[in-house]
Each structure stands twice: as structure tokens, then as C-alpha cells.
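Engineer: I need the structure of the sequence given here:
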Amino acid sequence: MSWHHRLLGRLRLRWRGGLPLRYTMAAVVVLGVTMPGLVFFAVEQRLAEKSQNALLERSENAFMAISRVSIGEAMWAIDRNALDAALNRILDNPQVVAVRIDDALAGTSSMERRRAGYNLSLAEETDASRLRRLEQRVERSGETLGTVVVWFDMAYGQNLLLQRRSEMLLLVALQVLASLMVLMPLLVSRVLKPIERLKEQASALLERTPAQAHAPFVWRRNDELGLLGRHLGQVQVQLRELFAQLQSKNEQLQQLALYDHLTGLPNRALFTDLVQREILLARRNQQQFAVLFIDLDRFKAVNDTMGHAAGDALLVELARRLREVLRDVDVVCRQSGDEFLVLVRNVEHWEWLGEVADRILQVVEGPVGLANGAARVSASIGIARFPDDAEDFESLVKSADIAMYQAKSLGRARYSFFHSELNEQLLAHMELEKQLAQAIRGGELVLHYQPQVDAVSGVLVGLEALVRWNHPERGLLFPGQFIAVAEESGLIAEMGVWTLREACRQQALWKARGLQVGTMAVNVSALEFRDHRLLDSLQTALQESGVSPGELEVEITESVLMAETETSLRIIARLHELGVGIAIDDFGTGYSSLSYLKRLRPTQLKIDRSFVRDADTDSDSRAIVTGVISLAKALGLNMVAEGVETEQQRQFLRDAGCHTLQGFLIARPLAVDALEQWMENNIGTTTT
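Structural biologist: Residues are numbered from 1 along each chain as shown. Prediction:
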């Protein structure tokens, strides 16, 4: 490819891509100056050619007239020498190429003369319009002497025109050059340079950081470009302020998006990204790392007893301790609530992870000073290892979570490594949760009732409703096999609603048949008791069944009273207003606070079976039972002893002044038909 083709190709690409403004302006000026000169040149050449052709035509006609006169004198005198001289004078004219004379009087041959060196055919050149042939008769006193023919060179006029064109072109070029020498400096100084400055200012509008920013240019011009420059300078300053604000907002949004707003730790989104990067690095370098799942034990108790502000302060302090106890290369993340995740990098020996977990347990268990007192919590830690336990983020966290639940099941305040058997247990747990949800809705739950009798007379004074699961494959399941699953999954609330309605419905049926079973006691878990919907469920059950509130009793544990949340206090007050009894179950195993008993005024206390079991053989247990019974009497509370299994225990409790007995010695929890048979077999336990 030749150089001019390459040049044209580059020019086409440049044109398609857009010419820079300075080139465009320069081209406009050059064209603006050159085009008028070229137009003037073309018009002048056209007019010159026209006038010159007319002038040449007149000149040729005049020349023919003069030549005819000079030739006519020589032909009249029949002077051959004079005729030759006339022909030579005609040829001396630079326009004349050839001349010929035809003598009509003498009858001689024609005389023809040509310019020296001209040998072309006159006829062909005339036909080709390169020569012009003029012919005139030569006359004298009205008599024709002959004719004269002259061939004129057409190029003579063109040569003159070319010479004039060259002179005019030179004049136009000098004029254009002079104009450009004057206009181009003005264009550069007044237009192109200011435009370049405006371009720099426009580019500077996108400079966001102080390191990139340039000082605004000061415009002293008062024309349109100067005004535009000053406006751009103001916009630049405002945009820099806006960019600074946006940068600050962006940092805040990034902090909110990637970090926990309370503790300042990375959140799950950032932690996920860090672990996924660590997975790639560990695979490439054949390294190992671990993920620790930390769940705080008894944190909910701190929230309930000391308030959420205290709970937040506790989380902030524990987050600080976790950062301090871990290495700089490790990452601790707050996943949610009281759960933390830890990425432990570069693990050479798995045994070392146990040491890390021990250090975490120690710093977590240390007392934390809060505004309204000191608090103590512990932690359960699950450990999952890469690549032994899992090879992706979700599986690692899931495995660590499973191991953490294993640590909780072993007694909390410890750590546990993941192993495959734990996953099988989790799957079984999840399957049981699914089946339990179906059981509640499918009518697989049933209630068994355990009698409560008067310690002296043996008369039936009440029943405790105990839920059972009639599993289609595993048979009858007791609460210990599924209550924990119900509480963890949140199904306990739905199960509690069903229990209340079913217990009230059955009591109403017995009342309709004339069977007096006394007070119906229903267990309510701590999770249910903190739910404001409990009152609605209870009132609905009473209204649907027609059972009076005094015939229903709600059994709660001591931990519910100790929490003393706003919701629980409101529910207790409302239960008193309705007339529903409140029993404290398993009394003596928790805080056993006398001030709470005085303030919350339960209906009766149920002493835990662990004290009753040893009461006939252990002096300490007898002393505790006797003390609790005396306390109940002093506060005007009814006393129920659970777990009565021997005659000696019954005799001791009756002698100690216990009001009500419940246990296998009296009867096991019974289905409806079995309970009715029991009532028939025990004279005095039913009244009609």
C-alpha cells in the first residue's frame, strides 16, 4: 500500500473519530480565508478569458484587414518581391502560424508560408480547434484580386491566460498567507488557548480527591469565554465540595454495608467475602484454616433482666475482647444478635485451635461492668476446619454451627469440633421439627392428665394436663423427646395454644357430664409467657369452652418470674384480674426469691420432685421441704408436692402440712378414658 493511501486511511479514521477542536478551528480559518480568494480567482479568470477572447478576435480581424491592404498593393502592382515581403510581415505576428495567398488575376499557383519549424497538417489542427482559419478576399477598386487565408494559433491566447492565472494565483496566495499570519495568532491567543483551558477545567470537574485536584484558573477576560470559564470555576469548586460530601457518605454507607453498626466488627457480607478469598488462597498454597461459630450463653437473661442497652454494651465489650485475644491476621465477625464468627488463618496443627478456643472462652467469661451492675456470660464454640470438614463458605459455617449446638448440648461454656455424626443428628433434628409441625396441625398431639389429690382426704382437687405426641411410626412420645425442638423452632407457641384449647374443651365435657375434676393446670413455657398473644389465646379458650377462669391454672417456672420483663409483668397482672391461678413449678431449683413471691402473688407453689424423692431418707431434703411448706403457709399459698412415689413420702408430706400431692403413687399421667376409670375406682374422688 502506497504512502498516500495510508495517509488517506489515517485521515478517514481521524475524521470518523472526530477532529480535535484546535484542528477544526484552524481548518475553518484557513478555509474562510482561502475560499474567498479562490472564488475571486475563479471569477477573475473567467472574466479575463472572456474579455481576452473578444480582444483576440478583434485583434485578428484588424490584423486581417491590415494584411489584406498590404497584400492588395503588392498583388495590384504584380510585384512578387513585395508580395513575399508582405507574407513575411504577416508571419512576424506571433499569433500567425501560416498564411496563403490565392492570386485570381495572374493565374499563378497559391503562395503559402509557415512559421519556421511548423510541419503539422493545417486542416487537421484546424479541425481539432488548435488553429483558427480566417479567409478574406483582396479587392481593389471593386475588382477581386484574390484571397488571403491566415491560420492563427489558439494556444497564444491560452498562454496569455496561463501567465495571467499564475500571476493572479501568486497574488491570492500572498493575500491568504498574509491573512493567516494576522488571523492565526489571534485565533490561537483569543480562541484556541482559552478553549484548551476550558477543556482542562471541564476535565478537572471529574477530579474527586484533593490529590488529583488542580487550583482553579483565574479568568481575567470579560468576553463570553471568560464568563464561561468563571462559571466552570464556580462549578468546579461546588463539585469538589459535593464529591467530598459523597465520599464521606460513601464511606459511611460502606461502613454500614460491610460492618456491624454496634460493635464495628465486619458483618456477615464482608466476612463471607474474606472467607471465600481465603478458600482460594488456601487451595493455591495448600494451607488450612478454620471457622469458629461463637454463641453467647445466657445472653437473653442479661437482656431481659438488665435491659437491651446493657445487652448492647455487653456485646461491644466482648467484641473488643475478641479482637484483642485473636491475632491480627484473624478476623472476627458479628453475624447476628449474640452470634460471632471467627476466621482463623494459617492453622498448622488442629490442636492449636483448641488453645484459641480456650482463650476465647476465658475472655468471654470474665465479668463485664455495666451501668446497672456487672454481668457474666459464657460461650459455646463450634469449630469447622478447611478442607477437612467443608470446602465452601456456607458448608463451613453450617458445620461450625452444628458443632456449636453440640457444645451447648454438652453443658455450654465449652467448644466442640465438627464431625460427620453431628450432621446426621442435625438432619434428624430437622426432620423431627418438620414432623412436629405436621403433628400439631394433623391432630397427632394428645393430652394425658395426672391427678392432684388432697394430702389428707385423698379427694381429687385438680389435674395437670401433659402433652404427648402420638407419633405414627414411633408410637407415644413424651415431652422430653420433642419439647426442646418445639422451643428452638418456635412451634412451642402454636403447641401452647392447642394445649390450652384442648384442656379447656375436655374440662367442659367433664363438667357437662357432672364430673368434677377441680382445677386444670396447664404448663406454659418461658417463651410463651413472654408473648403478649398468650392472653388472647387463654381468653379465647375460656370463651369457646365456657370454663370459668377460676377452674384454670397456669404453671410457670421460677425463671419466668426472675426475668420480670414488661410483657411478663403485664401478663401476670392480667391473669390476676381474670381470676386464673398461677402456680410456680419446680420451686426450689432456681432463685427462690422471696421478694418476687411477695410482689407477684402466685396461687400455689409446686416443690420440685428432687427434694421429694429424698425426703424420707435425707435430712437436708426433709429440712428444705419443711421450710418451703412453712413458707407457703406464711404467704397463704397452696403447696403441691410433685413426684410422690412411696407411702413414706406421702406420710411425711402429710405430717409436714403439705396441701396437695401429685405423683406415681397417686396415678401416672392418664388418657381420658383411663382417667375416668381411675376416678370411678377411687371412692370420694368424684362428686356429682
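
Engineer: which residue ranges form the helices in the stretch 151-300 of the chain?
Structural biologist: Chain-ordered helices for the stretch 151-300 of the chain, with DSSP state H, counting those that start in this stretch as the definition, fall at 155-187, 193-204, 224-258, 268-285, 299-306.

Engineer: Residue 459: which of those is closest?
Structural biologist: Proximity of the helices of the stretch 151-300 of the chain to residue 459 was assessed by Cβ to Cβ; the nearest stretch is helix 299-306, lying at 40.0 Å. For glycine as for every other residue, the C-beta is placed from the backbone atoms N, C-alpha and C.

Engineer: In terms of secondary structure, what does the closest one contact?
Structural biologist: helix 308-325, strand 373-375, helix 558-563 (3 or more Cβ pairs under 8 Å, 6 or more residues apart in numbering; DSSP states H and E).

Engineer: Residues in a beta bridge with residue 343, which ones?
Structural biologist: For residue 343, the beta-bridge partners under DSSP bridges are residue 291, residue 331.

Engineer: burial count for it?
Structural biologist: Under the neighbour criterion other Cβ atoms under 10 Å, residue 343 is assigned a count of 21.

Engineer: Residue 82 too?
Structural biologist: Residue neighbour count, defined by other Cβ under 10 Å, stands at 16 for residue 82.

Engineer: Now the host helix or strand of it: average pLDDT?
Structural biologist: Taking DSSP states H and E as the definition, residue 82 sits inside helix 80-91. Confidence over helix 80-91, taken as the mean pLDDT, stands at 80.

Engineer: Also stretch 500-514?
Structural biologist: Along stretch 500-514, the predicted local confidence has a mean pLDDT of 92.

Engineer: and that stretch, which residues are buried?
Structural biologist: When burial is assessed from 16 or more other Cβ atoms under 10 Å, stretch 500-514 yields the following buried residues: 500-504, 506-508, 510-511.

Engineer: same question, stretch 468-487
Structural biologist: When neighbours are counted by 16+ other Cβ under 10 Å, the buried residues of stretch 468-487 are found to be 468-469, 471, 477, 482-483, 485-487.

Engineer: Span of it from start to end?
Structural biologist: 15 Å (Cα to Cα, to the nearest Å).

Engineer: where does the residue in the chain sticking out farthest from the centre fall, phi/psi-wise?
Structural biologist: In the chain, the residue that sits farthest from the middle, by Cα atoms, centre = their mean, is residue 77; the gap is 119.4 Å. Per-residue torsions, residue 77: phi -80, psi -10 (degrees, to the nearest 10).

Engineer: Look at residue 583 and give its secondary structure.
Structural biologist: When states are read from DSSP: H, G, I helix; E, B strand; the rest coil, the local structure at residue 583 comes out as strand.

Engineer: Can you give me every residue that contacts it?
Structural biologist: Under the criterion of Cβ atoms under 8 Å, 6 or more residues apart in numbering, the contact partners of residue 583 comprise 521, 553-556, 602-606, 640.

Engineer: Let me know the closest of the residues you listed to residue 162.
Structural biologist: Using Cβ to Cβ as the measure, the one of the contacts of residue 583 that approaches residue 162 most closely is residue 556, at 122.9 Å.

Engineer: Surely the closest one touches residue 528?
Structural biologist: No: between residue 556 and residue 528 there is no contact under Cβ atoms under 8 Å: 9.0 Å.

Engineer: on that earlier part again, got the helices and strands packed on helix 299-306 as JSON lines, with mean neighbour count, distance to residue 120 and mean pLDDT columns?
Structural biologist: Putting the helices and strands packed on helix 299-306 into JSON lines (neighbours: other Cβ atoms under 10 Å; distance: least, Cβ to Cβ, whole Å; pLDDT from 0 to 100) gives the following:
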{"stretch": "helix 308-325", "mean neighbour count": "18", "distance to residue 120": "110", "mean pLDDT": "92"}
{"stretch": "strand 373-375", "mean neighbour count": "14", "distance to residue 120": "126", "mean pLDDT": "85"}
{"stretch": "helix 558-563", "mean neighbour count": "20", "distance to residue 120": "131", "mean pLDDT": "62"}
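
Engineer: want to throw those into CSV with distance to residue 292?
Structural biologist: Putting these into CSV (distance: least, Cβ to Cβ, whole Å) gives the following:
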stretch, distance to residue 292
helix 308-325, 10
strand 373-375, 23
helix 558-563, 29
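
Engineer: neighbouring strands for the next helix or strand after the helix holding residue 82, and are they parallel or not?
Structural biologist: Elements were assigned by DSSP H and E; along the chain past helix 80-91, the next helix or strand is strand 96-103. Sheet neighbours of strand 96-103, with direction, are listed as strand 111-114 (antiparallel), strand 143-153 (antiparallel) (DSSP bridges).

Engineer: ok, and which of those strands has the densest surroundings?
Structural biologist: Ranked by average neighbour count under the criterion mean count of other Cβ atoms under 10 Å, those are headed by strand 143-153 at a mean of 19.

Engineer: thinking again about what came up before, kindly indicate which of the buried residues of stretch 500-514 lies nearest residue 549.
Structural biologist: Closest to residue 549 out of these is residue 504 (10.4 Å), distances taken as Cβ to Cβ.

Engineer: what's the helix or strand for the closest one?
Structural biologist: When secondary structure is defined using DSSP H and E, the element that contains residue 504 is helix 491-512.

Engineer: and that helix, C-alpha only, in PDB?
Structural biologist: Taking C-alpha atoms only, helix 491-512 is exported to PDB below (Å, rounded to 0.1, in the frame of the first residue of the first chain):
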ATOM      1  CA  LEU A 491     -43.600 -24.200  67.400                       C
ATOM      2  CA  ILE A 492     -44.000 -24.000  71.200                       C
ATOM      3  CA  ALA A 493     -46.400 -21.100  70.900                       C
ATOM      4  CA  GLU A 494     -48.600 -23.000  68.500                       C
ATOM      5  CA  MET A 495     -48.500 -26.100  70.700                       C
ATOM      6  CA  GLY A 496     -49.300 -24.000  73.700                       C
ATOM      7  CA  VAL A 497     -52.400 -22.600  72.000                       C
ATOM      8  CA  TRP A 498     -53.600 -26.100  71.200                       C
ATOM      9  CA  THR A 499     -52.900 -27.300  74.700                       C
ATOM     10  CA  LEU A 500     -55.000 -24.500  76.300                       C
ATOM     11  CA  ARG A 501     -57.900 -25.100  74.000                       C
ATOM     12  CA  GLU A 502     -57.900 -28.800  74.300                       C
ATOM     13  CA  ALA A 503     -57.600 -28.800  78.100                       C
ATOM     14  CA  CYS A 504     -60.500 -26.300  78.400                       C
ATOM     15  CA  ARG A 505     -62.500 -28.300  76.000                       C
ATOM     16  CA  GLN A 506     -62.000 -31.500  77.900                       C
ATOM     17  CA  GLN A 507     -62.800 -29.900  81.200                       C
ATOM     18  CA  ALA A 508     -66.000 -28.500  79.800                       C
ATOM     19  CA  LEU A 509     -67.000 -32.000  78.600                       C
ATOM     20  CA  TRP A 510     -66.400 -33.400  82.100                       C
ATOM     21  CA  LYS A 511     -68.400 -30.600  83.700                       C
ATOM     22  CA  ALA A 512     -71.300 -31.300  81.200                       C
END
